[in-house]
Structures are given as C-alpha cells and as structure tokens.
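In: Sharing a model that was predicted from the sequence below.
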Amino acid sequence: MSDGSGRTMFVEAYVVPIAGLMSLCFALMAGLTAGRALSGDPADAALPVALVFGALATLRIRQRYAAD
C-alpha cells in the first residue's frame, strides 16, 4: 500500500503518532525528575538530561517522517 509518495501508509499511520507520543512521554518524565535533580546530588541530573535527549531524538524522528 502506497499513497503515491513512495512511502507506505505504515509510516504515516503508525510511526509518526507513536514517535510523537514517545516524545511527549520522555519530556514529561524529564520534567517530573527535574526537581530531584536540581535539589540533590549532581549525579542525579543524568536521568533528566538523558530523558531530554530521548525526547529530542523521538521528536526529530517524528519530524523526519512527517515532513512530506
């Protein structure tokens, strides 16, 4: 199944929305753990930073597949 753009409908129907939801979840988890990172040990900042990078990566994947 194709819509004429050379990509399958799987990408439009599943990858783009799932990547968007994953990006939202990563950003939410980063926000929830930011308080502990700011008030605790500097090593606690690794988790929120990693979650922010995860959110940015999934957002970039979503933008790449939703560009057309």
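Out: On my side now, so go ahead.
In: Where does pLDDT dip in this structure?
Out: For the chain, the stretches with pLDDT under 70 are 1-8, 10-11, 68.
In: Show me the helices in it, by range?
Out: 9-10, 16-39, 46-65 (DSSP state H).
In: Redo those helices as a markdown table? Include mean neighbour count.
Out: For every residue, glycine as well, the C-beta is placed using N, CA and C. Output for the helices of the chain, formatted as a markdown table (neighbours: other CB atoms under 10 Å):
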| stretch | mean neighbour count |
| --- | --- |
| helix 9-10 | 10 |
| helix 16-39 | 15 |
| helix 46-65 | 16 |
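In: Identify the residues contacting residue 27.
Out: When contacts are counted by CB atoms under 8 Å, 6 or more residues apart in numbering, residue 27 touches 51-52, 55.
In: Enumerate every residue touching the residue nearest to the spatial centre of the chain.
Out: For the chain, the residue lying nearest the average C-alpha position, counting by CA atoms, centre = their mean, turns out to be residue 23 (2.3 Å). Applying CB under 8 Å, 6+ apart, one finds that residue 23 lies in contact with 55-56, 58-59, 62.
In: can you check residue 56 too?
Out: Residue 56 makes contact with residue 23, according to CB under 8 Å, 6+ apart.
In: Distance-wise, check residue 39 relative to residue 22.
Out: Separation of residue 39 from residue 22 (CB to CB, to the nearest Å) stands at 27 Å.
In: Tell me the spacing between residue 64 and residue 49.
Out: Counting by CB to CB - residue 64 and residue 49 are separated by 23 Å.
In: follow-up on the earlier one: closest one of the contacts of residue 27 to residue 15?
Out: Nearest to residue 15 out of the contacts of residue 27 is residue 55 (CB to CB; 16.4 Å).
In: residues touching the closest one, list them.
Out: By CB under 8 Å, 6+ apart, the contact list for residue 55 reads 23-24, 26-27, 30.
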